[in-house]
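*Asks:* My questions are about this predicted structure, shown below with the sequence.
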Amino acid sequence: MLNKLIPIAIVLGFMSTGASQASDDEIDPAGYSNTSAALQALLSDPDLMEKDRLMISAASQGSPAAAFEMGNMYYRIGDQDQALALYQDAARENYAPALHALAVHFMHGKENTDEHKTKVLNYLNNAAKQGYAPAQYTLGCLYGYHHVRFVEKDRKLQFYWIEQAANRGLPEAEYKLGRIYERPKSEFYDPQKAILWLSKAAGQPNSDAAYELGHIYERGRGVGKDLKAAIQFYEMAKKDGNKKAEKALTRLKVVDPEPSLASSLMSWWK
């Protein structure tokens with residue numbers, strides 16, 4: 001029964017768009033079968049729950065959000081061909097989450113041709129320009145130092161797209177933007193903005209951001225040293241399973257810190 005297959009999306013959330021339809025040449029490489037017959041077959045399953053039936057029906061009638069959700073479901077159970085076919089269906093309607101999902105999938109492939117790179121960048125740029133934060137974040141990371149096989153390093157473009165995603169509330173982007181502001185040798189160096197964005201991320205919560213705030217206050221990097229604040233941010237990170245924070249607290253021989261100061265600092269910067 002499909003209701004038992006809980007999808008774990010490889011991208012975050014959904015976003016409806018009013019953008020024009022993407023061309024089939026950009027999003028429909030050969031090898032993926034039409035999905036309508038498979039969807040209609042699923043609808044005939046007597047054990048199908050009503051919510052699943054409604055989703056499948058919507059996907060078969062051309063709903064990009066439903067096709068994308070079905071794609072996530074198939075991806076979760078290991079049927080990549082069917083998942084990609086459904087993502088393609090949603091991408092034909094220029095649906096940003098599906099474009100991003102396709103980009104992420106092909107980014108992790110072994111193919112390294114110019115055509116392959118162009119395909120990935122087209123997917124990402126299309127989704128990012130629609131304001132889809134995960135695509136903006138991914139594009140920003142590409143312009144950093146981790147994925148140089150797709151684009152040349154460009155710190156300004158990295159900053160631009162990470163900032164766009166952070167402004168839309170994506171925790172990973174808020175953390176990354178805080179780290180960019182934190183680097184002393186960066187042209188964007190600004191300790192106060194670093195604390196601002198790391199605090200926003202820590203409040204999501206993001207344990208890496210909480211740990212980094214602890215490190216900032218312990219070392220006095222761009223701010224006055226405040227061991228009490230450092231300990232409380234480390235404790236916050238530890239509660240979310242951050243091993244580095246646990247080691248920091250052990251090093252500082254902390255047993256039971258008070259949580260109030262870290263919370264008040266984050267409230268101040270929100």
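*Replies:* Looks like it came in fine.

*Asks:* so residue 142 makes contact with residue 149?
*Replies:* No: applying C-beta atoms under 8 Å as the test, residue 142 and residue 149 come out as separate, 9.5 Å apart. For the C-beta atoms, the positions are set from N, CA and C on the backbone; glycine is no exception.

*Asks:* The two: who's more crowded?
*Replies:* residue 142 (24 against 10; other C-beta atoms under 10 Å).

*Asks:* How about the contacts made by that one?
*Replies:* 121, 124, 150-151 (C-beta atoms under 8 Å, 6 or more residues apart in numbering).

*Asks:* Need the pLDDT of it.
*Replies:* Here, the pLDDT recorded for residue 142 equals 90.

*Asks:* For it, grab phi and psi.
*Replies:* In terms of degrees, to the nearest 10, the main-chain angles of residue 142 are phi -60, psi -40.

*Asks:* Over to residue 187. Which of the three states is it?
*Replies:* Recorded secondary structure, residue 187: coil (DSSP: H, G, I helix; E, B strand; the rest coil).

*Asks:* What are the contacting residues of stretch 196-209?
*Replies:* By C-beta under 8 Å, 6+ apart, stretch 196-209 touches 166, 171-172, 174-175, 177-179, 181-182, 210, 212-213, 216, 233, 236-237, 240-242, 245, 265-266, 268-270.

*Asks:* pull the CA atoms of it into CSV?
*Replies:* Output of stretch 196-209 as CSV, limited to C-alpha atoms (Å, rounded to 0.1, in the frame of the first residue of the first chain):
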residue,chain,number,x,y,z
LEU,A,196,23.2,37.4,13.1
TRP,A,197,23.0,34.7,10.4
LEU,A,198,24.4,31.9,12.6
SER,A,199,21.9,32.8,15.3
LYS,A,200,19.0,32.6,12.8
ALA,A,201,20.3,29.2,11.7
ALA,A,202,20.8,28.0,15.3
GLY,A,203,17.2,28.9,16.0
GLN,A,204,15.8,26.6,13.3
PRO,A,205,17.6,24.6,14.9
ASN,A,206,20.9,23.9,13.2
SER,A,207,23.5,22.3,15.5
ASP,A,208,26.5,23.3,13.3
ALA,A,209,25.4,27.0,13.6
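
*Asks:* buried residues in that stretch?
*Replies:* 196-203, 206-209 (16 or more other C-beta atoms under 10 Å).

*Asks:* Stretch 118-126 now?
*Replies:* Buried residues in stretch 118-126 (16+ other C-beta under 10 Å): 119-124, 126.

*Asks:* And for stretch 228-245?
*Replies:* 229-238, 242, 244-245.

*Asks:* With residue 124 as the reference, measure out to the closest residue to residue 98 other than its chain neighbours.
*Replies:* Counting by C-beta to C-beta, 6 or more residues apart in numbering, residue 98 lies nearest to residue 90, which is 3.5 Å off, once chain neighbours are set aside. Distance of residue 90 to residue 124, computed by C-beta to C-beta, to the nearest Å: 16 Å.

*Asks:* where do the helices sit along the stretch 51-200 of the chain?
*Replies:* Counting by DSSP state H, counting those that start in this stretch, the stretch 51-200 of the chain has these helices, from start to end: 64-76, 80-91, 96-107, 114-129, 133-142, 155-167, 171-182, 191-202.

*Asks:* Of all those, which one comes closest to residue 220?
*Replies:* helix 191-202 (10.2 Å; C-beta to C-beta).

*Asks:* Perfect, I'm done here.
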